[in-house]
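# sharing a sequence plus its predicted fold:
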Amino acid sequence: MRSLIEKVADEKPAERDAKAERAIKRLLGRIKWNCQCHQHDFEEKVRALAREILRDWDAVIAFVTNPLLPATNNDAERALRHVVLARLIGFGTRTDEGSRFYAAAITVVETCRKRKADPWAYARDLIAAARTGAPHPKLPAPAAA
């Protein structure tokens, strides 16, 4: 899989020549073949991983043809790092409701941050709308580049 990610990361789909396309096709075939070979493996974890990859094959390889999809989840991991650390330091939440609120709040804060908007201003507007029964404001639009 690492070879496939590296190969795809080298060039955008529109810039790939026939040789690169053949190499990517070969790598995809090899990965799928390995998963098919191991879906009945003696080791339970190997068997489960192979079956999961085969079951979600189109989603697993979507980054190969869609240049808008990242090949790895590094950005998502980085975005969650401080949230995970805060949860560990603060010992999490006490209730399911608290967990749902925390997840929603972090999502709003991260969305505002990525869109270069003030999350506190959005929270203020959201609370004001809720107090008056007005419709909730939409999340801020992405800032123009």
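Done, it's in. Residues are numbered from 1 along each chain as shown.

# CA only for contacts and neighbour counts going forward, please
Fine.

# so what secondary structure elements neighbour the helix or strand that contains L49?
Assigned by DSSP states H and E, L49 falls within helix 44-55. Applying 3 or more CA pairs under 8 Å, 6 or more residues apart in numbering; DSSP states H and E, we find helix 44-55 packed against helix 18-38.

# re earlier: other residues contacting the helix holding L49?
32, 34-36, 38-41, 60 (CA atoms under 8 Å, 6 or more residues apart in numbering).

# buried residues in the lowest-mean-pLDDT helix or strand in the chain?
Across the helices and strands of the chain, mean pLDDT, DSSP states H and E gives its lowest value to helix 2-10, namely a mean of 75. Within helix 2-10, the residues that count as buried by 16 or more other CA atoms under 10 Å are 4-5, 7-9.

# can you spell out the domain ranges of this protein, please?
Taking automatic domain parsing as the criterion, the chain consists of the domains 2-65, 74-132.

# how far does the shortest one sit from its chain's centre?
How far domain 74-132 lies from its chain's middle: 17 Å, per CA atoms, centre = their mean, to the nearest Å.

# distance between the ends of it?
With CA to CA, to the nearest Å as the measure, domain 74-132 spans 41 Å from end to end.

# beyond the helix or strand harbouring I89, next helix or strand please.
In this assignment (DSSP H and E), I89 forms part of helix 74-90. Using DSSP H and E, the helix or strand that directly follows helix 74-90 along the chain is helix 96-114.

# mind listing residues that contact that following helix?
Outside helix 96-114, the residues touching it (CA under 8 Å, 6+ apart) are 79, 83, 92-93, 118-119, 139-140, 142.

# now that helix and helix 74-90, what's the angle there?
Relative orientation of helix 96-114 and helix 74-90, computed by axes from the mean of the first three to the mean of the last three CA atoms, to 10 degrees: 130 degrees.

# how far away is A23 from C37?
The value you get for A23 to C37, if CA to CA is used, is 21 Å.

# my bad, R94
R94 is 45 Å from C37, where distance means CA to CA.

# quick one, which of those two is more surrounded?
The residue with more neighbours, out of R94 and C37, is C37; 12 against 8, by other CA atoms under 10 Å.

# pLDDT below threshold where in this structure?
11-13, 144-145 (pLDDT under 70).

# understood, closing this out.
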